[in-house]
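Trainee: quick one, structure for this:
(one chain, ligands or ions: 2)
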Amino acid sequence: MSKLLEVRDLHVSFKTYNGEVKAVRGVTFDLEKGETLAIVGESGCGKSVTSQTIMRLIPNPPGFIKEGEILFEGDDLAKATEKQMEKIRGKEIAMIFQDPMTSLNPTMTVGAQIIEGLVRHQKMSKAEARNKAIEMLRLVGIPSPESRLAQYPHQFSGGMRQRAMIAIALACQPKILIADEPTTALDVTIQAQIIDLMKELQKKTGTAIILITHDLGVVADIADRVVVMYAGIVIETGKLDEIFYNPRHPYTWGLLGSMPRLDLRSDQKLLPIPGSPPDLISPPKGCPFAARCKYAMKICKEQMPERTDISSTHQVACWLEHPMAPDVKPPVAAVG
Ligand code: SF4
Ligand code: MG
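Mentor: Ligands and ions are numbered 1, 2, ... in the order given. Model prediction:
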């Protein structure tokens with residue numbers, strides 16, 4: 001398998017008046033060509049910080065990469081200069097957001113925004129870029145693309161704006177598309193259409209996708225593999241089936257608790273798990289989930305659990321995997 005991206009022991013912190021917020025603490029994962037990797041977890045778990053760090057979009061100060069590597073085709077983006085990143089952003093790795101208005105320029109027509117990237121990154125002539133822009137808008141299902149080209153983002157509906165953003169992101173044929181909550185702001189029907197569109201475009205273009213989401217319905221629909229994050233740490237990772245049918249971490253059980261019998265609908269959101277994540281200025285030295293975990297043992301509060309291999313593709317960081325731990329079965333609802 002060819003690895004496109006290897007994130008290795010990534011630590012990202014933010015300096016605040018109250019101390020250093022350790023938002024990402026030792027995150028490791030790979031992304032292979034053409035696959036879809038979902039990063040899931042509650043808000044504040046570090047999933048957006050991780051993806052923004054890959055793009056080097058974290059403002060420094062207050063944010064900084066403390067440690068770790070982000071190997072993109074072997075080059076370490078964690079050490080790249082702004083100039084090097086400008087060549088990567090948009091061209092090699094593109095990003096789409098929950099709110100298209102944060103990435104679309106309201107003062108430029110949609111056409112101009114697609115054309116600009118193509119002229120800059122693909123060295124196309126204006127005329128070539130214009131044709132490509134029309135082709136992209138058609139590809140993402142925007143009707144009468146020729147006339148849409150001359151319109152501004154505010155003249156598009158929410159779903160159409162999301163499509164336009166995807167068209168802009170994919171126009172330069174990036175190797176990686178990072179999608180941060182791409183459908184959260186949309187209603188359920190449009191959500192499903194956008195996810196279908198992403199799947200279809202991925203088939204056509206072979207782009208690998210990193211999908212940041214808290215919506216497990218979307219994950220079930222599109223992901224090949226899943227990374228579950230909690231308090232800045234990867235607590236479980238595995239193939240889609242491993243996470244959905246054989247989840248091993250109590251936090252993952254909590255996340256899946258809202259999905260009885262796996263007959264997923266795309267409007268099913270994570271069930272709130274009682275309690276809140278730990279303070280990341282002085283995170284607990286043991287398992288970060290201990291304060292909310294009903295299976296917590298003495299050791300959980302004292303020592304961080306090590307990563308255990310369940311299979312060659314499935315890892316979990318939980319003391320329940322220790323040979324001397326009690327045999328705990330996940331709640332029935334979690335596994336269907
Ligand atoms: Fe719960 Fe302990 Fe596992 Fe943490 S390590 S999830 S506290 S059982
Ligand atoms: Mg976020």
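Trainee: the closest residue in space to residue 78 that isn't next to it in sequence: neighbour count?
Mentor: When the adjacent residues along the chain are set aside, residue 78 lies closest to residue 70, with 4.7 Å between them (CB to CB, 6 or more residues apart in numbering). C-beta coordinates here come from the backbone N, C-alpha and C atoms, glycine included. A count of nearby residues for residue 70, using other CB atoms under 10 Å, gives 22.
Trainee: and for residue 172?
Mentor: For residue 172, the count of nearby residues is 19 (other CB under 10 Å).
Trainee: about what we covered before: partner residues bridging the residue nearest to residue 78?
Mentor: Note on residue 70: beta-bridge partners residue 7, judged by DSSP bridges.
Trainee: surely it is in contact with residue 7?
Mentor: Yes. Shown here, residue 70 and residue 7 form a contact pair, counting by CB atoms under 8 Å, at 5.5 Å.
Trainee: give me the common contacts of those two.
Mentor: Where contact means CB atoms under 8 Å, 6 or more residues apart in numbering, the residues bridging residue 70 and residue 7 through contact with each are residue 54.
Trainee: okay, how far is it across stretch 279-288, tip to tip?
Mentor: End-to-end span of stretch 279-288 (CA to CA, to the nearest Å): 9 Å.
Trainee: and what of stretch 27-37?
Mentor: One end of stretch 27-37 sits 14 Å from the other (CA to CA).
Trainee: which residues sit against that stretch?
Mentor: The set of residues external to stretch 27-37 that reach it, using CB under 8 Å, 6+ apart, is 1-11, 39, 46, 50, 68, 175-176, 202, 206-211, 222-227, 229, 232-234, 237.
Trainee: interface residues of the stretch 101-250 of the chain facing ligand 1?
Mentor: 249-250 (CB under 6 Å from any ligand atom).
Trainee: all strands of the stretch 101-250 of the chain, in order?
Mentor: Taking DSSP state E, counting those that start in this stretch as the criterion, the stretch 101-250 of the chain contains strands spanning 176-180, 208-213, 225-230, 233-239.
Trainee: now find how far off-centre the first one is within its chain.
Mentor: A distance of 7 Å separates the C-alpha centroid of strand 176-180 from that of its chain, computed with CA atoms, centre = their mean, to the nearest Å.
Trainee: what sits up against that strand?
Mentor: If you take CB under 8 Å, 6+ apart as the criterion, strand 176-180 is touched by 4-5, 31, 48, 51-52, 54-55, 72, 92-98, 169-170, 198, 207-212.
Trainee: list the contacts for the closest residue to ligand 1 within the stretch 101-250 of the chain?
Mentor: Of all residues in the stretch 101-250 of the chain, residue 250 sits closest to ligand 1, at 4.4 Å by CB to the nearest ligand atom. Residue 250 makes contacts with 289, 293-295, 318, 320, 330, as judged by CB under 8 Å, 6+ apart.
Trainee: try it again at 7 Å.
Mentor: Residues near residue 250 by CB atoms under 7 Å, 6 or more residues apart in numbering: 289, 293, 295, 318.
Trainee: and what of residue 16?
Mentor: For residue 16, counting by CB under 7 Å, 6+ apart, the contacting residues are residue 62.
Trainee: and the pLDDT at it?
Mentor: pLDDT, residue 16: 96.
Trainee: equivalent analysis for the one 3 residues further on, please.
Mentor: Model confidence at residue 19, expressed as pLDDT, equals 96.
Trainee: tell me how far the most centrally placed residue in the chain lies from residue 49.
Mentor: Residue closest to the average C-alpha location in the chain (CA atoms, centre = their mean): residue 212, at 2.4 Å. In this structure, residue 212 and residue 49 are 10 Å apart, going by CB to CB, to the nearest Å.
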